[in-house]
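*Asks:* Predicted structure and sequence below. I'll ask about it afterward.
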Amino acid sequence: MKLSNAFFEKCDKITLEAVVKVINVNYGQAAEVLAHCKTLSEYSRFIHTVRENQKRMGDLKAAIEEAVKACVKEGSLRDFLKRNGGEVVSFLYDELSREECETIRENDGYQTGREQGRKEGLEQGRTEGAIIKTIEKVKTKYLKHQSIPQIADALEEPEADIAAILEVIKKYPDAEASELYKFLYR
């Protein structure tokens, strides 16, 4: 992940970029990493237990409280949860509730079970993917010093569209096609 992706406003020139490798530490993922860190493994199991409890119980706060009790009983994060169990329940309840709200808001209409929403989401994804592919092709041809008319002709796209894409490419030469898409359309 790139730090610059976290900002809505993009600057003309990025003077410092942080790129980090993100590892999924959800229970059942990244087994090698979890095998080397007992605390992280126990935390992963705890969050998994909370999620499973919530599916079964339907109540997030009760799910967190039950997970805390179960982990203390089995010895996972025992000392930490004994000292901070109440704070953990409060913190996770607030954070997971916020996380759920964000997810719902972001995916509203696409994953809510409404057939029309799913179709719209799939169509939007296909359209975005096609545009990103075009941006990649434009960038490749631009780097080979092809002109706007040459690129437009080769890709069978209007010259005005190619010019708009090239303007963003020139402004953000190190950006990936998916980032350039965001600059163009969001």
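*Replies:* Looks like it arrived, so ask away.

*Asks:* can you count the residues close to residue 71?
*Replies:* Neighbour count for residue 71, taken as other C-beta atoms under 10 Å: 22. Backbone N, C-alpha and C define where each C-beta goes, glycine included.

*Asks:* how much space between it and residue 48?
*Replies:* 11 Å (C-beta to C-beta, to the nearest Å).

*Asks:* Check residue 33 too.
*Replies:* When residue 33 is compared with residue 48 (using C-beta to C-beta), they lie 15 Å apart.

*Asks:* same question, residue 42
*Replies:* Residue 42 is 11 Å from residue 48, by C-beta to C-beta.

*Asks:* higher neighbour count, the two?
*Replies:* Legend: neighbour count by other C-beta under 10 Å for residue 42 and residue 48, higher for residue 42 (19 against 14).

*Asks:* For the more buried one, give me the backbone phi and psi.
*Replies:* phi -70, psi -40 (degrees, to the nearest 10).

*Asks:* Quick one: residues contacting residue 165.
*Replies:* Applying C-beta atoms under 8 Å, 6 or more residues apart in numbering, we find residue 165 in contact with 134, 135, 138, 180, 184.

*Asks:* change it to 10 Å
*Replies:* 131, 134-135, 137-139, 142, 148, 151, 155, 157, 177, 180-181, 183-184 (C-beta atoms under 10 Å, 6 or more residues apart in numbering).

*Asks:* Which of the residues in whichever strand or helix holds it are classified as buried?
*Replies:* Element membership for residue 165 (DSSP states H and E) is helix 159-171. Neighbour-count burial for helix 159-171 flags 161, 162, 165, 166, 168, 169 (criterion: 16 or more other C-beta atoms under 10 Å).
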